[in-house]
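Participant: 3D, please:
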Amino acid sequence: MDYKTPTKLYKFHQGPARFFLDLGDGSERGEYVNQDYILHTLGRTHRAISLMYCYYPNDEGWPLRVRDAFKDRVVKFQWDYPYEDYFPYQGGLKGDLNKEPFNQMRDIRRHGQDVILTMTIDPNLDDEQLRSIGRDLKSFGRMELRINHEATGDWFAFTKRASYADIAKFFVRASKLIKEEAPNVKTVACIGGIEDLNSTEIVMEKEFKCTIPEADIWSVDKYLALHWGWPYDVAEKGGNSFARYAISDVYEKTKRSFYRYKELNGGVAKPMVMSELNADGDVTGPYDQCKMIEEFVKRVKEDEDEWFSGFTFYQFRDRGRLGLEIEDPNNSEVGIRQPLMDAYIKLLNDKDFLPKVKRVKTLKSENGKFEKPVKLRYGASNDCEGIAMEFKLEKNPEFFELYFDEENVNDNILIEINGSMIYKAPGVKCVDLMEAFFKKPLKKGKNVTMRMVYPPASGENDLKVKDGLLNTYTKVAKLPSVRIEYLPIVEKA
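Facilitator: Okay, the predicted model is just below:
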């Protein structure tokens, strides 16, 4: 096979976007969807993927999911179970790292994304139980842990097991102990924030101000519309289990929350995020849902104040109308695409939400082989090195393929070309890149850059490496062979 020589070959660094856009994948309302499906559907990866788990290891029924442990219980509200109907965290003192969420976390990181793990945790756990969580998470790189989110609410099980002051103190204790075991983990405090625009204080400020200095990241969960009665009633006119909010109020409350957090932290700012954001299609319908998200993002982009870091969209596939897909009631493995999907893909490709790429060093190879292997560092989705190859295309190709042999077949690569990303797993010998040109065909000849980053193939960091807590390294000895064709192999029968 002829090796197509790139016109340019260089090493690059991929850094953070102006704002990040993360994605929720699974919760009490939907199952986990594998990253290959999400990538092919959306065309790009995210900075991070958010998972939702609970940890009540001393409870009756544990470690079964609560809907299975108490399947005969009469439930009239989503949070009427003894503990949350999230996926059960299978780690801990007697845990199994071959179960969940660890396989999902490996899937996420192999695909060049970071992990945000939300955990509702029994506030009565002892120190050693909390330390064990840190030991579980130590090899998963630069991840975030959101402990007992929406802590000023009254719906989660942990709020019924301790006072609000004790829940706040638990956050501080858990955060410290877990980070002592796993310094790679950043903790997220998700509390009420400013809920009254006539007030200068956050909700339950006296109780929860102690969480603000301890957390690495500040957060609020905000929905532009929400049907909290789902799935036990239907949102209909005159009902009281849902609401729609003014976008200006939601934005202003979130912004004022940041400035109050900053004030309570002695004037020192930390990243401010929205860990859950959406507009519920049960309330808005499918078309206003798109408009509300677009208007909120417009406010974010046009605000000249540098206070906002990014948000997590809740979520990819949902049994209700809080997803880019609705789960098919006939088959939980099938999703029904919603109008919001197209608006979201546009947002995902917005320049303010795209990582910044900087050329670092020109590279040279002979027939695809490097005289000396190129060492690439992968720290996180927004802090990694890669190799770029530029090709001069005559027109839209009929075939664009990468071939790997014994020297590079085990490389784990996230490939970006023509505005799309495609994943190559270890062991895969051929990758067809044509889907990038199906989505965005070239109208004429063009110089096209293919970028490749090398996330950890196992999904975990090697802690034996000197800085392995935060980084992984790949030595690339050989580039893939590139096949480009502009015409069908047989044009006429």
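Participant: how about the helices in the stretch 351-493 of the chain?
Facilitator: In order along the chain, the stretch 351-493 of the chain carries the following helices (DSSP state H, counting those that start in this stretch): 435-439.
Participant: and what of the stretch 151-300 of the chain?
Facilitator: Counting by DSSP H, counting those that start in this stretch, the helices of the stretch 151-300 of the chain are 164-181, 205-208, 211-214, 247-264, 281-302.
Participant: could I get the ones you listed as a markdown table with mean pLDDT?
Facilitator: Supplementary listing: the helices of the stretch 151-300 of the chain in a markdown table, determined by pLDDT from 0 to 100:
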| stretch | mean pLDDT |
| --- | --- |
| helix 164-181 | 98 |
| helix 205-208 | 98 |
| helix 211-214 | 98 |
| helix 247-264 | 98 |
| helix 281-302 | 98 |
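Participant: now the strands for the stretch 251-400 of the chain?
Facilitator: Per DSSP state E, counting those that start in this stretch, the stretch 251-400 of the chain carries strands over the ranges 272-279, 310-313, 317-318, 325-328, 331-337, 356-362, 369-380, 383-393, 399-403.
Participant: I'd like these as CSV, with mean pLDDT, distance to Y81 and mean neighbour count appended.
Facilitator: From N, CA and C alone the C-beta is placed, and that goes for glycine too. Compiled in CSV, those are given as follows (pLDDT from 0 to 100; distance: least, C-beta to C-beta, whole Å; neighbours: other C-beta atoms under 10 Å):
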stretch, mean pLDDT, distance to Y81, mean neighbour count
strand 272-279, 98, 20, 26
strand 310-313, 98, 24, 24
strand 317-318, 98, 19, 26
strand 325-328, 98, 20, 18
strand 331-337, 97, 20, 13
strand 356-362, 98, 44, 11
strand 369-380, 97, 35, 15
strand 383-393, 98, 40, 19
strand 399-403, 97, 48, 19
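Participant: Point to the residue nearest the middle of this structure.
Facilitator: When the chain is reduced to its mean C-alpha position, the nearest residue by C-alpha atoms, centre = their mean turns out to be I49, at 1.8 Å.
Participant: Apart from its chain neighbours, what residue comes closest to that residue?
Facilitator: Nearest non-adjacent residue to I49, counting by C-beta to C-beta, 6 or more residues apart in numbering: I108, 4.6 Å away.
Participant: Tell me which other helices or strands the helix or strand the one you found falls within touches.
Facilitator: According to DSSP states H and E, I108 maps onto helix 102-110. Counting contacts by 3 or more C-beta pairs under 8 Å, 6 or more residues apart in numbering; DSSP states H and E, helix 102-110 is packed against helix 35-42, strand 48-55, strand 114-121.
Participant: Which one of those lies nearest to S332?
Facilitator: helix 35-42 (13.1 Å; C-beta to C-beta).
Participant: Show me what the closest one is packed against.
Facilitator: Using 3+ C-beta pairs under 8 Å, 6+ apart, helix 35-42 is in contact with helix 102-110, helix 340-348, strand 420-424.
Participant: okay, the ones you listed, which one's buried deepest?
Facilitator: A comparison of these by mean neighbour count, using mean count of other C-beta atoms under 10 Å, puts helix 102-110 on top with a mean of 23.
Participant: got a list of contacts for that helix?
Facilitator: Judged by C-beta atoms under 8 Å, 6 or more residues apart in numbering, the contacts made with helix 102-110 from elsewhere in the structure are 25-26, 32, 34-35, 48-49, 51, 90-91, 114-115, 117, 136, 140-141, 143, 412, 423, 425, 455-460.
Participant: Which of the strands of the stretch 251-400 of the chain sits closest to E128?
Facilitator: For the strands of the stretch 251-400 of the chain, the distance to E128 is smallest for strand 272-279, at 27.8 Å, taking C-beta to C-beta.
Participant: Pull the distance from that closest one to the chain's centre.
Facilitator: With C-alpha atoms, centre = their mean, to the nearest Å as the basis, strand 272-279 stands 12 Å off its chain's centre.
Participant: can you pull the contacts of K169?
Facilitator: Applying C-beta under 8 Å, 6+ apart to K169 gives the contacts C210.
Participant: how near is it to E435?
Facilitator: Separation of K169 from E435 (C-beta to C-beta, to the nearest Å) stands at 51 Å.
Participant: Show me the contact partners of stretch 11-18.
Facilitator: Here stretch 11-18 makes contact (C-beta under 8 Å, 6+ apart) with 47, 310, 352-363, 374, 376, 381-388, 451, 453.
Participant: Give the burial count for I413, as a bare number.
Facilitator: Each residue near I413 was counted by other C-beta atoms under 10 Å, and the total is 26.
Participant: Can you check what pLDDT the model gives the residue nearest to E327 when sequence neighbours are not counted?
Facilitator: Counting by C-beta to C-beta, 6+ apart, R319 is the residue found nearest to E327 once chain neighbours are left out, at 4.7 Å. The pLDDT attached to R319 in the predicted structure is 98.
Participant: D2 now?
Facilitator: For D2, the pLDDT comes out at 59.
Participant: let's have the chain start at 34 instead
Facilitator: Done: numbering now begins at 34, and the last item shifts to D35.
Participant: surely L357 meets P372?
Facilitator: No. Taking contacts as C-beta atoms under 8 Å, L357 lies outside contact range of P372: 9.6 Å.
Participant: between these two, who's got more neighbours?
Facilitator: More neighbours surround L357 than the other of L357 and P372, with 25 against 14 (other C-beta under 10 Å).
Participant: Let me see the contact set for the more buried one.
Facilitator: Taking C-beta under 8 Å, 6+ apart as the criterion, L357 is in contact with T74, L75, F346, Q348, F349, R350, G368, R370, Q371, L373, M374, Y377.
Participant: and the gap between the nearest residue to the third one once chain neighbours are set aside and Y456?
Facilitator: Counting by C-beta to C-beta, 6+ apart, L56 is the residue found nearest to F346 once chain neighbours are left out, at 5.5 Å. Using C-beta to C-beta, one obtains 16 Å as the distance from L56 to Y456.
Participant: and what of F241?
Facilitator: The gap separating F241 from Y456 is 40 Å, by C-beta to C-beta.
Participant: what are the phi and psi angles of the residue nearest to E360?
Facilitator: Dihedral angles phi and psi of R352 (degrees, to the nearest 10) take the values phi -80, psi -20.
Participant: Go ahead and confirm it touches P264.
Facilitator: Yes. Applying C-beta under 8 Å as the test, R352 and P264 come out as touching, 7.0 Å apart.
Participant: In a markdown table, list the strands of the stretch 284-433 of the chain along with distance to C223.
Facilitator: Shown next, in a markdown table, are the strands of the stretch 284-433 of the chain (distance: least, C-beta to C-beta, whole Å):
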| stretch | distance to C223 |
| --- | --- |
| strand 305-312 | 5 |
| strand 343-346 | 11 |
| strand 350-351 | 20 |
| strand 358-361 | 25 |
| strand 364-370 | 27 |
| strand 389-395 | 27 |
| strand 402-413 | 21 |
| strand 416-426 | 24 |
| strand 432-436 | 41 |
